[in-house]
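> no sequence on this one, just coordinates:
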């Protein structure tokens, strides 16, 4: 899913908030016994159209979370948010996880499950209808949701790409 119109964002001037999506304990069985470590997936965003996700692995939970936050700050993307919702319907797939999202009227709230909800709250979307199909793996759900949001384009972007005034975008 190589998207050419993804806008990368610099972290120096942003007030980012992090949300922990999932922590799992992983076990490595060696000759000497079991060795436990932790993997954490974290979503960061400024609640104003910027979001990123990261994965951190370490022997302790707190270290894994902090590594995930640092990784997420390196993978920020800009998302168009119009009136606290998304501009249009969108589908995306990552691994076995498929996501579908569509804009909702003001007052609807975030109608989405676990991992998708964390991404929407981090990006600043307050009214959206979303459905996850296929795998419920939080890693793939987060990646599919961010991929779908990164593919979003608003009317101003489309007008600029077509080289026409905004008044002609919605005319047949």
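Here it is on my side, so go on. Computed from a predicted structure; not experimentally measured.
> in the helix or strand of the chain with the lowest mean pLDDT, what counts as buried?
The least trusted helix or strand in the chain, going by mean pLDDT, DSSP states H and E, turns out to be helix 155-162, with a mean of 80. Across helix 155-162, burial judged by 16 or more other C-beta atoms under 10 Å covers residue 159. The C-beta positions use only the backbone N, C-alpha and C, and glycine is treated the same way.
> go on, stretch 37-54?
37-47, 49-54.
> and the end-to-end length of that stretch?
One end of stretch 37-54 sits 17 Å from the other (C-alpha to C-alpha, to the nearest Å).
> in what helix or strand does residue 122 lie?
Secondary structure assignment for residue 122, by DSSP states H and E: helix 114-123.
> helix or strand right after that helix?
Next helix or strand after helix 114-123 toward the C-terminus (DSSP H and E): strand 128-134.
> Any regions of this protein where pLDDT drops low?
For the chain, applying pLDDT under 70 flags the ranges 1-13, 171-172.
> For it, just list every one of the strands.
17-30, 33-45, 50-58, 76-78, 90-94, 97-103, 110-111, 128-134 (DSSP state E).
> Check which helices and strands the last one sits against.
Just to be clear, that refers to strand 128-134. Judged by 3 or more C-beta pairs under 8 Å, 6 or more residues apart in numbering; DSSP states H and E, strand 128-134 is in contact with strand 97-103, strand 110-111, helix 114-123, helix 138-150.
> cool, the fourth one as well?
Using 3+ C-beta pairs under 8 Å, 6+ apart as the contact criterion, the elements in contact with strand 76-78 are strand 50-58, helix 138-150.
> rerun at 7 Å
Packing partners of strand 76-78 (3 or more C-beta pairs under 7 Å, 6 or more residues apart in numbering; DSSP states H and E): strand 50-58.
> got the angle between the strand it packs on and helix 138-150?
Going by axes from the mean of the first three to the mean of the last three C-alpha atoms, to 10 degrees, strand 50-58 is angled at 160 degrees with respect to helix 138-150.
> what angle do strand 50-58 and helix 114-123 make?
Using the same axes, to 10 degrees, the inter-axis angle of strand 50-58 relative to helix 114-123 is 130 degrees.
> List the neighbouring strands of strand 50-58 plus their orientation.
strand 33-45 (antiparallel), strand 76-78 (antiparallel) (DSSP bridges).
> With distance to residue 165 added, can I get those strands in TSV?
Formatted as TSV, the strands paired with strand 50-58 follow (distance: least, C-beta to C-beta, whole Å):
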stretch	distance to residue 165
strand 33-45	32
strand 76-78	23
